[in-house]
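Peer 1: Next input, structure requested:
(one chain, ligands or ions: 1)
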Amino acid sequence: MADTALMDKLVSLCKRRGFVFQSSEIYGGLGSVWDYGPLGVELKKNVKDRWWYAMVHARDDIEGLDAAILMHPKVWEASGHVAGFTDPLVDCRQCKNRFRADDPRIKGTPGQSDAQCPVCGTRGSLTEPRLFNLMFKTFMGPVEDSAAVVYLRPETAQGIYVNYLNVLQSSRQRIPFGIAQIGKAFRNEITPGNFVFRTREFEQMEMQFFVRPGTDAEWFERWREWRMNWHHALGLSPAKLQWHQHAGSELAHYAKAAFDIQYQFPFGWQEIEGIHNRGDFDLSRHQEYSGKKLEYFDQARNERYIPYIVETSAGADRVALTLLVDGYREEEVEGETRVVLGLHPNMAPIKAGVFPLVKKDGMPEIATTLYHDLRKQFTCFYDDSGAIGRRYRRMDEAGTPFGVTIDGETISNQTVTVRNRDSMQQERLALSRVAEYLGDKLTLTS
Ligand code: ATP
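Peer 2: Numbering: from 1, shown residues only. Below you'll find the model as predicted:
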């Protein structure tokens, strides 16, 4: 399948099955802003729950946090975002379109007569690059003047830094320890696109790990390994995951070292998570700008220091998209194309479909009772309309790993069939054992 064709098919499946809709679609949509429908919200929630489990619940040395989106404007001066969170842009004087200066579609050098606008094709119409800040601005309170400017946070990390002492003291943690947070971030991206890969409003899953200076390199390596393992455990194809190391020129101003976990999307290898050794940049800057001491006193060693930070920063939307891309496949089955979302069962929005074979002979009653029973533990879907094959196909497209069918035999011997989405094999099982069976299959292994 051609790469662009795969993305087109995925976008259309996402709309058809209720994973993702364009924001404000009835008004023509809003650029690169997307809404998650009934299945999409479950998928993204599963991603976030898995992350929260791995980061917070399964560990003793990480605490959770939910900081506000709006923060004191000085935070963004201290962080470097006011001065440096910029992209160089060029405008076309002819058609008024705006591009990133490094847009690969631009031929020639912007600002010179040879440069050609990628939209209207005019030569010499592109301006010199100008810096454009990616933060969304708004005003707090009734007066819209410069003193009232606040920003929608472009990353969740700063909420962690400014709360680090609050969390440390209230949780009685000691260094090394971490703070994890999931939340919305906003960036006025200039060339957004590729569906939910790059959007203007998105969710980040960020963890900042505070360590003693000098131990940062070894923690960095540990976190790299743990994070790659986490992506493998989601069921992503290992061959489509790779490391990308930031070379000196690519390193952000704060970073001592940075590696991205990249996935091979149809539109190329792209970052889904960054792991950064940020040194003491963040806390030193906040100490300087706030005038508050942010040092840690290490009792065991009887020394004071500003902790170094190792950060892991992933996008919930990007990981959800990665699962969809990785899971999508088409197969020929008895002369028909079967579309399957081969999601890991733990990531699937719906765990089991429950189907009475026909709408008579007591089958709907048994199926309904089973459905209500299973729903106490698993997300399930009841479907009694259409041929059973069609119902299975609908669940295949939604990524539902199991289909439970109540048929004539159920009435006579209290057994059901359980169909496996991937193998399409069916096995017979006692009706009373279905919940236990699903529980076994959905047990978390990591
Ligand atoms: P990129 O180079 O793709 O713009 P970045 O290096 O700016 O990403 P970070 O600032 O390190 O990204 O953000 C961490 C994570 O947040 C990324 O790995 C990605 O998963 C997610 N993310 C960043 N920007 C966006 C966006 N515009 N839309 C969706 N997810 C995003």
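Peer 1: Show me what whatever residue of the chain ends up closest to the ligand is bridged to.
Peer 2: Proximity of the chain to the ligand (C-beta to the nearest ligand atom) peaks at Gly315, 2.5 Å away. (C-beta placed from N, C-alpha, C; glycine too.) Per DSSP bridges, the residues bridged to Gly315 are Gln204.
Peer 1: any idea how far it is from Lys44?
Peer 2: Between Gly315 and Lys44 the distance, using C-beta to C-beta, to the nearest Å, works out to 10 Å.
Peer 1: Repeat that for Asp103.
Peer 2: Counting by C-beta to C-beta - Asp103 and Lys44 are separated by 30 Å.
Peer 1: so where do the strands sit in the stretch 201-350 of the chain?
Peer 2: Under the criterion DSSP state E, counting those that start in this stretch, strands of the stretch 201-350 of the chain are mapped to 201-211, 241-245, 257-265, 268-279, 296-298, 303-305, 308-315, 328-333, 336-341.
Peer 1: what's the neighbour count on Phe220?
Peer 2: Residues lying near Phe220 (other C-beta atoms under 10 Å) number 23.
Peer 1: With Val82 instead?
Peer 2: Using other C-beta under 10 Å, Val82 has 17 neighbouring residues.
Peer 1: Look up the closest residue to it, ignoring the ones flanking it.
Peer 2: Closest residue to Val82 apart from its sequence neighbours, by C-beta to C-beta, 6 or more residues apart in numbering: Trp76 at 5.0 Å.
Peer 1: picking that back up, which one of the strands of the stretch 201-350 of the chain lies closest to Gly408?
Peer 2: Closest to Gly408 of these, according to C-beta to C-beta: strand 328-333, at 24.4 Å.
Peer 1: which residues are contacting that closest one?
Peer 2: 1, 6, 9-10, 13, 337-342, 424 (C-beta atoms under 8 Å, 6 or more residues apart in numbering).
Peer 1: which one of these has the most neighbours?
Peer 2: Of all those, Leu341 has the most neighbours under the rule other C-beta under 10 Å, reaching 28 neighbours.
Peer 1: pretty sure it contacts Gly399?
Peer 2: Yes. Shown here, Leu341 and Gly399 form a contact pair, counting by C-beta atoms under 8 Å, at 3.5 Å.
Peer 1: any residues in contact with both of these two?
Peer 2: Residues touching both Leu341 and Gly399 (C-beta under 8 Å, 6+ apart): 327, 348.
Peer 1: Any regions of the stretch 301-446 of the chain where pLDDT drops low?
Peer 2: For the stretch 301-446 of the chain, applying pLDDT under 70 flags the ranges 444-446.
Peer 1: which parts of it sit against the ligand?
Peer 2: 313-315, 317-318 (C-beta under 6 Å from any ligand atom).
Peer 1: Of all pairs in those, which one is the farthest apart?
Peer 2: Distances among those were taken as C-beta to C-beta; the most separated pair is Ser313 and Asp317, at 13.1 Å.
Peer 1: who has more neighbours, those two?
Peer 2: Asp317 (24 against 20).
Peer 1: Could you report the neighbour count for Asn188?
Peer 2: Counted by other C-beta under 10 Å, the residues lying close to Asn188 total 17.
Peer 1: For it, which non-adjacent residue is spatially closest?
Peer 2: Asn188 sits nearest to Leu134 (C-beta to C-beta, 6+ apart), 5.0 Å away.
Peer 1: my read: that neighbour touches Glu155, true?
Peer 2: No. Between Leu134 and Glu155 there is no contact under C-beta under 8 Å: 10.6 Å.
Peer 1: where does the stretch 101-250 of the chain have low pLDDT?
Peer 2: Scanning the stretch 101-250 of the chain for pLDDT under 70 picks out the ranges 192.
Peer 1: hang on, the earlier thing: now the common contact residues for Gly315 and Lys44.
Peer 2: Glu203.
Peer 1: the helices in this structure, which residues?
Peer 2: With DSSP state H as the criterion, the chain has helices at 3-17, 38-52, 73-78, 81-84, 157-162, 164-171, 216-233, 281-290, 316-327, 363-374, 388-398, 408-413, 434-441.
Peer 1: hey, C-alpha coordinates of the last one in CSV?
Peer 2: Output in CSV follows, covering the C-alpha atoms of helix 434-441 (Å, rounded to 0.1, in the frame of the first residue of the first chain):
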residue,chain,number,x,y,z
VAL,A,434,-16.0,-15.9,29.6
ALA,A,435,-15.1,-13.2,32.2
GLU,A,436,-12.2,-15.3,33.5
TYR,A,437,-11.0,-16.0,30.0
LEU,A,438,-10.9,-12.3,29.0
GLY,A,439,-9.3,-11.5,32.4
ASP,A,440,-6.5,-13.9,31.6
LYS,A,441,-6.0,-12.5,28.1
